[in-house]
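Student: predicted model follows, preceded by the sequence.
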Amino acid sequence: MNYIENQEYKNENFSQSFPTAEYDSCTFINCGFSTGNLRGITFSDCEFINCDLSNASMAGTTFRDVNFKNCKLLGLRFDECNPFLLSFSFTDCILNFSSFYKLKIKTTRFYGCKIEQVDFSAADLSFSAFKDCNMAGSTFQDTNLEKCDFRSASYFSIDPTKNRISGAKFSSRNIAYLLESWNIIITD
């Protein structure tokens with residue numbers, strides 16, 4: 001497999017083809033990967049800025065210490081990625097309709113993201129942060145959310161009896177989302 005290091009890619013469209021390689025410390029700016037094939041590719045210490053990876057095929061893709069900033073990541077199956085040393089962070093991204101099913105992604109940072117209709121079932125998200133995220137319709141079932149930070153998150157629905165939430169942080173403003181599954185009416 002080819003090894004590519006410290007390269008910057010700008011305004012490229014990789015939707016039709018993207019060279020299979022191991023990318024280390026590379027930056028992708030305003031690039032399109034939508035519906036493309038990223039299978040078996042390794043990204044280490046890379047950054048994606050203003051990129052569109054929506055519906056890309058990611059079976060066996062490796063992400064190690066990868067940062068996504070202002071990216072469109074619709075319908076991605078992160079659960080099909082290589083789980084070994086899987087780690088990434090998301091800032092101002094749209095992750096709607098994606099899946100993190102059964103992934104161990106402790107300490108993941110989601111900042112300012114739209115995380116609607118995302119599957120987090122059976123994932124280990126302990127110590128992760130969801131700062132200023134809209135999480136409408138996302139699924140949490142048998143999910144480890146211990147010591148997660150939800151203080152500025154909104155529209156999540158987490159059943160405390162079906163998830164591990166010990167030490168998780170919530171604000172008085174959003175605590176009602178934690179009780180939503182019980183159909184309790186809360187008034188001021």
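Tutor: Here it is on my side, so go on.
Student: can you map out the helices along the chain?
Tutor: 176-179 (DSSP state H).
Student: which residue ranges form the strands in it?
Tutor: For the chain, the strands defined by DSSP state E occupy 2-5, 8-10, 21-24, 27-29, 42-44, 47-49, 62-64, 66-69, 88-91, 109-111, 129-131.
Student: return, as residue ranges, the portions of this structure with sub-threshold pLDDT.
Tutor: 179-182, 184-188 (pLDDT under 70).
Student: relative to residue 69, how far out is the closest residue to residue 119 other than its chain neighbours?
Tutor: Using CB to CB, 6 or more residues apart in numbering and skipping the chain neighbours, the partner closest in space to residue 119 is residue 99 (4.3 Å). Just so you know, the C-beta spots here come from the backbone N, C-alpha and C atoms, and that holds for glycine as well. Look at residue 99 and residue 69: by CB to CB, to the nearest Å, they are 21 Å apart.
Student: how about residue 82?
Tutor: Taking CB to CB, one finds residue 82 at 22 Å from residue 69.
Student: returning to what we had before: which of residue 99 and residue 69 has more residues huddled nearby?
Tutor: The neighbour comparison of residue 99 against residue 69 (other CB atoms under 10 Å) goes to residue 99, with 20 against 17.
Student: pretty sure that one is touching residue 81, no?
Tutor: No. Taking contacts as CB atoms under 8 Å, residue 99 lies outside contact range of residue 81: 10.3 Å.
Student: let's have the strands of the chain in CSV, adding distance to residue 150.
Tutor: Listed next are those as CSV, based on distance: least, CB to CB, whole Å:
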stretch, distance to residue 150
strand 2-5, 37
strand 8-10, 35
strand 21-24, 33
strand 27-29, 30
strand 42-44, 28
strand 47-49, 25
strand 62-64, 24
strand 66-69, 20
strand 88-91, 15
strand 109-111, 10
strand 129-131, 5
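Student: what sits up against stretch 56-72?
Tutor: Stretch 56-72 has contacts (CB atoms under 8 Å, 6 or more residues apart in numbering) with 33-54, 76-78, 80-82, 84-94.
Student: of those, just the buried ones, ChimeraX syntax please.
Tutor: Buried subset of the contacts of stretch 56-72, written as a ChimeraX selection, criterion 16 or more other CB atoms under 10 Å:
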select :33,34,36,37,38,41,42,43,44,46,47,48,49,51,52,53,54,76,77,78,80,81,82,86,88,89,90,91,93,94
